[in-house]
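J.: need a structure here:
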Amino acid sequence: MEVTRHNFKQVIEVVTKAVEEASFLCVDGEFTGLNNGPALHGFDTPQERYDKLRKGSMDFLFVQFGLCAFKYENEESRFVARPFNFYIFPRPLNRSAPDCRFLCQASSLHFLASQGMDFNKVFRDGIPYLSPVDEQQMRDTLDQKHATQQLNSPPFSGTSHTPDSTRTIQVPAEHQAFIQQTLTRIQSFLDSEEETLQLEPCNAYLRKLIYSTVKNKLSTSVYLETKAGEQNQHYYIEASKANDELLKKRAEEKRQQELVELDDAVGMSKIIRLISQSGKLVVGHNMLLDVLHLLHKFSYPLPQELDEFKSLMNCLFPRLLDTKLMASMHPFKELVSNTTLGDLEAALGKEPFKVPAIVFPEDFPSYESAREHQAGYDAYITGRCFTIMAQYLGSFKPQSKPVLPGSALLGPFVNKLYLMRVQDIPYINLTGEDLKPNRDHVFHVMFPKEWKSNDLYQLFRPFGPIYIAWIDDTSAFVALTKKDQSDLAFKMLCEGVSYRVRRYRDHEEPQSAHGRKRPLSFPESFLPWNGEGKRMKVMTSADMGRRVSPVTQRCITTIVEEAEEKAKEEGGEEQLDGDDEEEDEDDADAELEEDILKQETSEEIMEQKTDASAQGQLFEEPEAW
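T.: Numbering: from 1, shown residues only. Model prediction:
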């Protein structure tokens, strides 16, 4: 069901009933951009990732909100889905209301447009909203305005003016003829039997002069009100005859009208408060950014500290579940190869999964055809995936009842938000301490701007496959798959000439980092000729089939020479069997080609196929099984 500002008042009762009856709620959001701050990389800590999103993502606009309420009917053994698709735009109520400035990201707008987003509907018909802070400030302003008007007992009121507009103003000479002509028309109107008089449209300054002059000349006999013309293209003043009783009545009517307009301006925030107050389980897919926007736009500004954010979330949305994290954990990660929403739905439609019965009421779309990246549709698909995975969990126990929110089987997945592309911290734990993995095998590397991925492969080639997380053009995090090689790698690389290598624990990422210059890479690995980390010859472009820069050649040569020097000092030089090594090289080449073909390029954390046992288990295992 599409919801705009035109039908919002009628639909809100339907939404309220759907939320109250729901077993659980699913949400999704669409934005004008994703990130305008420091690059997100694979070794962000939860606090660092939160800081980057808080500083770099909250200035984008929330243009569409999807809500789907799922209700389980015991008698029919089915779910009833009620999806809503809200168009959102923070249209200012008046001159004193917040006038939102926001960012747009060209790639995001192009993507949304290609998916059928109607931006005319967003900007023309979008539902406004006010945060609790902005709402309270505007209520305080109105109360102060009404108190001042009551104190001064003005005989008029203008919809576009504050009490300051009633101050006596000296009429400039060039406007005296116009003001005198207006006074004459109003006086003639008061002597006639007509009930109202519409003055000629004029600008705000002339209207202010009219208000001020009429107050002094015709204090208690006339009531003035500013009104808008067709399509708000011009404004004019309407005069009506008045007495003290009528003036009080008009003032109260105007006060009530302003309060109604303020209530309308709260708009979309009412829906978010309704969801929060329901206490229902809220399900999303890769929902960290959605949750941050919901909190920042419709509730309270995001706090600086992650722990404060967690406390706030526990108050406003006490139960959250991320289906992307759920699909990435046992027992689903062995059955699902790609956890993007569309691919996840497709995978869950096959064996060994079973799709429960889901129906739609008559007034709601049945989504017979896919509408990906429409927020309401994505919220429905998220709920569909959740119900399938929940029922699969139920198959591990001898029970016929469906797995619904509150089941202990869902406990390992609740209140954990998926962290995209972070290698060893899969989620933010909203109700406890976050994981603190050992990163002794991770290095921070600074290098010349001309370096590419291949240069880093070559630099770390003696120590096994690596994962590269680019920070900018001159720095990156490099992680060794063979963690036992970390001490040797640091010993040999810490004194480089054209580069600098530091351990992860000795590096603190600069807080002044700017936007990403180099695209964020997926995990990249390059197999060495052997797994021993021994001395190796410098590979040429012919050997590698890839470009090897002169900078890399010099760096590798320096490493080899330093290794020889240290080996001699320690009493011996290692010897290599050339024939055996060439044989190993051919085998390694064949294995490399096979592994690259098999390597997954999905958007989530990717496992290295070449040495899975060395990486260890990525996610913690739920205790429910």
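J.: Find the residue ranges of the protein scoring beneath the pLDDT cut-off.
T.: Applying pLDDT under 70 to the chain flags the ranges 149-168, 219-220, 231-232, 399-400, 508-625.
J.: Can you get me a residue count around residue 476?
T.: Residues lying near residue 476 (other CB atoms under 10 Å) number 23. Glycine gets a C-beta too; all of them are placed from N, C-alpha and C.
J.: quick one: what helix or strand has it in it?
T.: When elements are assigned from DSSP states H and E, residue 476 belongs to strand 475-480.
J.: Would you mark the buried spots in the helix or strand that comes right after that strand?
T.: Later in the chain than strand 475-480, the nearest helix or strand by DSSP H and E is helix 486-493. Residues 486, 489, 490, 492, 493 are the ones in helix 486-493 that count as buried (16 or more other CB atoms under 10 Å).
J.: Equivalent analysis for stretch 314-328, please.
T.: Neighbour-count burial for stretch 314-328, counted by 16+ other CB under 10 Å, picks out 316-328.
J.: In strands, which of those residues appear?
T.: Among these, DSSP state E puts 320, 321, 322 in strands.
J.: roughly how far apart are residue 383 and residue 70?
T.: Distance, residue 383 to residue 70, by CB to CB, to the nearest Å: 5 Å.
J.: Over to residue 359?
T.: Counting by CB to CB, the gap from residue 359 to residue 70 is 11 Å.
J.: Looking at these two, which is more packed in?
T.: The neighbour comparison of residue 359 against residue 70 (other CB under 10 Å) goes to residue 70, with 28 against 12.
J.: Which strand residues bridge the more buried one?
T.: Taking DSSP bridges as the rule, residue 70 bridges to residue 24, residue 81.
J.: residue contacts, it?
T.: 22, 23, 24, 25, 26, 79, 80, 81, 358, 383, 387 (CB atoms under 8 Å, 6 or more residues apart in numbering).
J.: Roughly how far does the first one sit from residue 378?
T.: It refers to residue 22. Where residue 378 is concerned, residue 22 sits at a distance of 17 Å (CB to CB).
J.: Equivalent analysis for the fifth one, please.
T.: Residue 26 is 9 Å from residue 378, where distance means CB to CB.
J.: Overlap in contacts, these two.
T.: With CB under 8 Å, 6+ apart, residue 26 and residue 378 have common neighbours residue 66.
J.: Please identify which of these two sits among more neighbours.
T.: residue 26 (31 against 26).
J.: related to what we said a few turns ago, so which of the contacts of residue 70 is the closest to residue 478?
T.: residue 26 (38.9 Å; CB to CB).
J.: ok, so what distance separates the residue nearest to the spatial centre of the chain from residue 367?
T.: Centre of the chain computed as the mean C-alpha position; nearest residue by CA atoms, centre = their mean is residue 289, 2.6 Å away. Distance, residue 289 to residue 367, using CB to CB: 24 Å.
J.: repeat for residue 261
T.: To residue 367, residue 261 is 35 Å away according to CB to CB.
J.: Likewise for residue 495?
T.: 61 Å.
J.: The two: which is more packed in?
T.: Set side by side, residue 495 and residue 367 show more neighbours around residue 367, with 17 against 11, by other CB under 10 Å.
J.: Now do the same contact list for that one.
T.: So residue 367 contacts 83, 360, 377, 380 (CB under 8 Å, 6+ apart).
J.: Can you flag the buried ones in those?
T.: Judged by 16+ other CB under 10 Å, buried ones among these: 83, 377, 380.
J.: measure residue 214 to residue 199 for me?
T.: Distance from residue 214 to residue 199, by CB to CB: 10 Å.
J.: Between those two, which is the more surrounded one?
T.: residue 214 (23 against 18).
J.: Which positions in the helix or strand harbouring that one come out as buried?
T.: Remark: residue 214 resides in helix 204-217, with elements defined by DSSP H and E. By neighbour count on 16+ other CB under 10 Å, the buried set for helix 204-217 is 206, 207, 208, 209, 210, 211, 212, 213, 214, 215.
J.: from those residues, which two are the most distant?
T.: 206 and 215 (15.1 Å).
J.: Off-centre distance for the helix holding residue 214?
T.: Offset of helix 204-217 from its chain centre (CA atoms, centre = their mean, to the nearest Å): 48 Å.
J.: Which neighbouring elements make contact with it?
T.: helix 173-191, strand 222-228, strand 235-241 (3 or more CB pairs under 8 Å, 6 or more residues apart in numbering; DSSP states H and E).
J.: List the residues that contact residue 373.
T.: 30, 111, 112, 115, 117.
J.: Buried ones only from the residues you listed, please, as a ChimeraX command.
T.: Buried residues among those (16+ other CB under 10 Å), as a ChimeraX selection:
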select :30,112,117
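J.: With secondary structure added, can I get the contacts of residue 373 in CSV?
T.: Output for those, formatted as CSV (DSSP: H, G, I helix; E, B strand; the rest coil):
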residue, secondary structure
30, strand
111, helix
112, helix
115, coil
117, coil
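J.: Noted, bye for now.
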